[in-house]
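Peer 1: Here's my sequence, what's the structure:
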Amino acid sequence: ISKKATSKHDDLKEMLDSNKDSLKLEAMKRIVAMIARGKNASDLFPAVVKNVACKNIEVKKLVYVYLVRYAEEQQDLALLSISTFQRGLKDPNQLIRASALRVLSSIRAASDMSPYVRKTAAHAIPKLYSLDPEQKDQLIEVIEKLLADKTTLVAGSVVMAFEEVCPERIDLIHKNYRKLCNLLIDVEEWGQVVIINMLTRYARTQFLNPNVNESLLEEGNTDGKTFYPSDDDEEEEEDEEKEKKVEALAKRKPYVMDPDHRLLLRNTKPLLQSRNAAVVMAVAQLYFHLAPKAEVGVIAKALVRLLRSHSEVQFVVLQNVATMTIKRRGMFEPYLKSFYIRSTDPTQIKILKLEVLTNLANETNISTILREFQTYIKSMDKDFVAATIQAIGRCATNIGEVRDTCLNGLVQLLSNRDELVVAESVVVIKKLLQMQPEKHSDIIKHMAKLIDNIQVPMARASILWLIGEYCEHVPKIAPDVLRKMAKSFTNEEDIVKLQILNLAAKLYLTNSKQTKLLTQYVLNLLIVPTEKSGALSKYAKKLFLALKPAPVLESPFKDRDHFQLGSLSHLLNAKAGGYQELPDWPESAPDPSVRNVEVPEWSKCSTREKRKEKKVEKPFYSDSEGESGPTESADSESVSGSGSDSGSGSEESGSGSESEESDEGSESDDEEDEEEEVPKHTKKKILEVKKPTISPSGSMKTFELLHRITGEGLSVEYCFSRQPFSPDANMVAVQIHFTNNSSSEVSSLHMEDAKLQSGMRVKEFPEIEALAAGETSTAVMGIDFCDSTQAANFQLCANSKKFFVSIQPPVGELMRPVFMTENEFKKEQGQLMGMNEITEKLTLDSKCRNEHAIVQRVTTAANLSRVPCGSNDECRFAARTVTLNSLVLVTVATKAEGAAQLTVNCDKMLIGTMLVKEILQALTQ
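Peer 2: Numbering: from 1, shown residues only. Model prediction:
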């Protein structure tokens, strides 16, 4: 064999010494293939290194690949060719320059014109740092220079070098933060993972916790279970602490999300569409650690999609989902069936899915989950069956309504032929019986009879503990069990022996007449000290007969979220080498001005490029805007102007509405510019009316702008009056209602510091000089929403105090009704077909089967005008959007048995889609 290998290598050496490039190329391919298979090719180094000056680019690239592998082992020979490598740095071909750089592990190419070479220079930095840590300061200078690089090719590599060399130097990131956020979408996939993980830790040090108010409330409302029951005095103290926390929450300033925080969330969201599972996982962990609770739901659908990947990806994703479901159970509940177990799943995947199903169990879905668990118990995979039985026990512990059902089901398993199933059932039943032992003495008797047949030590020990702990419920059986166990005492495992002693001691204290001799016999089998027997007997009852609290069955993933999700440390549940702790949120926001930089040339892109970037922000599933996740609670009808919800809800709507604006742009740059410049009063208009032909009954829907606790006694509500706003016809009139609930006068009520999206305008309401205690006042303001549902954020000022609030319009309030004849309606509808027409079939609510009810509900949901119609089976409505005057046509065609068809025609597809949702909801509920 050795001769054959030698002759083979000689053959390669002859080919490398040949004058023909084709032979050299073939030899190098075979050598690189040998290296890839793990074979040693170091003896070919002299023959290979001679070809480093070969003019054939393909040969030269393979030579450099070989040298990168063996240069360190053959340093003396490599040094002989150092001048060739240096010349390679000046080669016109960027691949040759980069390959030469890899061999030299040099950083001199940080200023090379080619980004590919600069990328390789960034790769060389960690290697140089590992070889000579004393060069750290010089390497940091190079990292700082490369961080300022404007190309996506370099970004991922330099951030990796930053993480390896100086992750504590967050000051290097400040000036580059916004650039990294904006470049992220175009960086190569593995660079995206590194950047997202780094920015997650950066954001935790620079921004405030968006869920801080919610976490305080959760702390105040959770009933902490102490090991022993607390006295009445302790409960009163707990109540006082809760009241203090609520008072502290009321005094806390309303949360407003930093624009840079929002930038990060907005620019990472499209990456949930990535084909790379690592990128999706990185974005998911970023949202889990950084996003407001109302926005985290967007990651659920993306993670469920990853469960279709191969088992290794499933394992990592399920580990993270199991952790998320502890605190964010709601966002995965709609995908319950995605976690059902298949017979082909590996055991590890089965157990993780079981963990997720158990975490998702609640009063609503528990019957479905338990039926699923019943089928799992029949599996041939014994580890999986044992885990299923434990899961049933956890469900019974967490949901009291099914405790008896679960207990009866587990008792039936005691007759199973498989000893492991019986043993696991015994252990779980023991834990459940501790909660209500007096109700289940029959089960304890039944388990006592199994002691002769069960051989698994943990199960035997559990039965003995139960009999000893509740011996007063089985006074006749307990002594007999002790008699049997005393016979086999010497042959038992240690865990069983301990429980035999425990049973003997408890029976001696409660029934000494029958068990005194048995207890003495068991003790004689051991060497028991007797010097302090007096003290032992004095405290024996307190030691052995003390009340034990019921065990709390918790998920093994409960506290794993202190590790950064998606990291190796989280996977192992132990700190791995090189892991960087996830920082705690700061108490007060650091100075945001550190991230301010002069606008560089690279950010000044064309209008077309801007439009492309905006289109990326469209919802990337087939759902319409605002439906980023099945559990997102920030819908357009519930707007709060205070606390964490106001900040997060308004910002989320802002990010979604940018994509709406992108849809509204014209197809060419010139047309878009013209649309901005054309005065609004020159646009074509149809005769407008103040109110719809049939106005909705009852008062207009009001929304809370400022809660009285947050406003320190001042509560503010608003509604959309649907009246034209006289100072500016392109603005929506918003009626604001102030109520002074405090005992003192509120003075100088006004608004300032409006933070609006591009194109939006606000006409402030007149200042209210004074509002006496208990009095109310009403004012009207105008807002130009630019035909989008994004929120208008501003500060409400009163008594020299400022409250951050936001007003977000339902899509139905962005339009004003218009008069049209039936022929005009049909003509306009004919011009808005195809993609401008949205049709949905529905079943009308039982109370909405007549024409009057349909008209009332539609005009309540949207500011539309009734259009005359010759058919009794159709209701038609029309309106135009307030800002851009876009026509909106709605048709409701009724059929037999409550069936109906809703059609919306609008040249703004996003407005049409959202309006369909609003009207569907109004007609079906």
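
Peer 1: Give me the distance between the residue nearest the centre of the chain and Gly782.
Peer 2: When CA atoms, centre = their mean is applied to the chain, the residue found nearest the centroid is Phe288 (3.7 Å). With distances taken as CB to CB, to the nearest Å, Phe288 is found 40 Å from Gly782. Every C-beta, even on glycine, is put in place using the N, C-alpha and C of the backbone.

Peer 1: returning to what we had before: for Leu303, see how far away the residue nearest to the centre of the chain is.
Peer 2: On the measure of CB to CB, Phe288 and Leu303 end up 10 Å apart.

Peer 1: now Val63
Peer 2: From Val63 to Leu303 the distance is 45 Å (CB to CB).

Peer 1: More neighbours: which of these two?
Peer 2: Of the pair Val63 and Leu303, Val63 is the one with more neighbours under other CB atoms under 10 Å, namely 27 against 23.

Peer 1: Packing partners of the helix or strand harbouring that one?
Peer 2: Using DSSP states H and E, Val63 maps to helix 57-70. For helix 57-70, the packing partners by 3 or more CB pairs under 8 Å, 6 or more residues apart in numbering; DSSP states H and E come out as helix 21-36, helix 45-49, helix 94-104.

Peer 1: Mind pulling up the pLDDT for the residue nearest to the centre of the chain?
Peer 2: Reported pLDDT at Phe288 in the predicted model: 92.

Peer 1: wait, what's in contact with it?
Peer 2: Val296, Ile299, Met324, Arg328, Asp561, Leu565 (CB atoms under 8 Å, 6 or more residues apart in numbering).

Peer 1: From the residues you listed, which one has the minimum pLDDT?
Peer 2: Here the lowest pLDDT out of the contacts of Phe288 sits on Asp561, with 72.

Peer 1: Assumed that residue was part of a strand.
Peer 2: No. Counting by DSSP: H, G, I helix; E, B strand; the rest coil, Asp561 is not found in a strand; it is helix.

Peer 1: I'd like to know how many residues surround it.
Peer 2: Neighbour tally, Asp561, other CB under 10 Å: 19.

Peer 1: which residues sit in contact with it?
Peer 2: Contacts of Asp561 by CB under 8 Å, 6+ apart are Phe288, Thr323, Met324, Ile326, Lys327.

Peer 1: Of those residues, just say which sits nearest to Met458.
Peer 2: Met458 has its nearest neighbour among the contacts of Asp561 in Ile326, at 26.5 Å by CB to CB.

Peer 1: sorry, back to before: and which of the contacts of Phe288 is nearest to Ile351?
Peer 2: Met324 (17.1 Å).

Peer 1: tell me which element the residue nearest to that closest one when sequence neighbours are not counted falls in.
Peer 2: Of all residues not flanking Met324 in the chain, Phe288 sits nearest, at 5.9 Å (CB to CB, 6 or more residues apart in numbering). Using DSSP H and E, Phe288 sits in helix 277-290.

Peer 1: from the chain's centre, how far out does that helix sit?
Peer 2: 7 Å (CA atoms, centre = their mean, to the nearest Å).

Peer 1: The helix holding Val63 to helix 21-36, inter-axis angle?
Peer 2: Helix 57-70 runs at 30 degrees relative to helix 21-36, counting by axes from the mean of the first three to the mean of the last three CA atoms, to 10 degrees.

Peer 1: Could I get the CA-only coordinates of helix 57-70 as CSV?
Peer 2: Backbone C-alpha positions of helix 57-70 (Å, rounded to 0.1, in the frame of the first residue of the first chain) are rendered in CSV as follows:
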residue,chain,number,x,y,z
ILE,A,57,-5.5,31.6,-12.7
GLU,A,58,-7.3,28.3,-12.0
VAL,A,59,-4.0,26.6,-11.0
LYS,A,60,-3.0,29.5,-8.9
LYS,A,61,-6.3,29.6,-7.0
LEU,A,62,-5.9,25.9,-6.1
VAL,A,63,-2.3,26.3,-5.1
TYR,A,64,-3.4,29.0,-2.7
VAL,A,65,-6.1,26.7,-1.3
TYR,A,66,-3.4,24.1,-0.6
LEU,A,67,-1.0,26.6,0.9
VAL,A,68,-3.7,27.9,3.3
ARG,A,69,-4.0,24.4,4.6
TYR,A,70,-0.3,23.5,4.9
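
Peer 1: now Ala121: how far from Glu141?
Peer 2: According to CB to CB, Ala121 and Glu141 sit 13 Å apart.

Peer 1: let me fix that: Glu712
Peer 2: To Glu141, Glu712 is 51 Å away according to CB to CB.

Peer 1: Would you mind telling me which of those two has more residues around it?
Peer 2: Glu712 (17 against 12).

Peer 1: Where does that one sit: helix, strand or coil?
Peer 2: coil.

Peer 1: try the one 10 residues further on
Peer 2: Classification of Arg722 by three-state DSSP places it in strand.

Peer 1: again, but for Glu587
Peer 2: Under three-state DSSP, Glu587 comes out as coil.

Peer 1: what separates it from Val916, distance-wise?
Peer 2: Taking CB to CB, one finds Glu587 at 45 Å from Val916.

Peer 1: Flag every buried residue along stretch 192-206.
Peer 2: 192-204, 206 (16 or more other CB atoms under 10 Å).

Peer 1: Ok, stretch 151-169 next?
Peer 2: Residues 152-167 are the ones in stretch 151-169 that count as buried (16+ other CB under 10 Å).

Peer 1: With stretch 861-876 instead?
Peer 2: Ala861, Ala862, Asn863, Leu864, Ser865, Arg866, Val867, Glu874, Cys875, Arg876.

Peer 1: and if you look at stretch 827-840?
Peer 2: With burial defined by 16+ other CB under 10 Å, the residues of stretch 827-840 counted as buried are Gln829, Leu832, Asn836, Glu837, Ile838.

Peer 1: Contacts only, for the closest residue to the second one other than its chain neighbours.
Peer 2: Put plainly, it is Leu832. Distance criterion CB to CB, 6+ apart; nearest residue to Leu832, sequence neighbours excluded, is Asn905 at 3.9 Å. Counting by CB under 8 Å, 6+ apart, Asn905 makes contact with 828-829, 832-833, 836-838, 887-891, 912.

Peer 1: swap the cut-off to 6 Å and go again
Peer 2: Gln829, Leu832, Asn836, Glu837, Leu889 (CB atoms under 6 Å, 6 or more residues apart in numbering).

Peer 1: pretty sure it belongs to a helix, no?
Peer 2: No. Counting by three-state DSSP, Asn905 falls outside a helix, being strand.

Peer 1: Helices - which of the buried residues of stretch 861-876 land there?
Peer 2: Ala861 (DSSP state H).

Peer 1: Dump the buried residues of stretch 861-876 to CSV, plus distance to Lys445.
Peer 2: Below are the buried residues of stretch 861-876 laid out as CSV (distance: CB to CB, whole Å):
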residue, distance to Lys445
Ala861, 63
Ala862, 68
Asn863, 72
Leu864, 72
Ser865, 77
Arg866, 75
Val867, 78
Glu874, 73
Cys875, 70
Arg876, 75
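
Peer 1: and the two most separated of the buried residues of stretch 861-876?
Peer 2: Most distant of the buried residues of stretch 861-876, by CB to CB, are Asn863 and Glu874, 20.3 Å apart.

Peer 1: Look up how far Met324 lies from the residue nearest to Asn573 when sequence neighbours are not counted.
Peer 2: In this structure, Asn573 finds its nearest non-sequential neighbour in Arg560, 5.8 Å apart by CB to CB, 6+ apart. To Met324, Arg560 is 10 Å away according to CB to CB.

Peer 1: Fine by me, we can end here.
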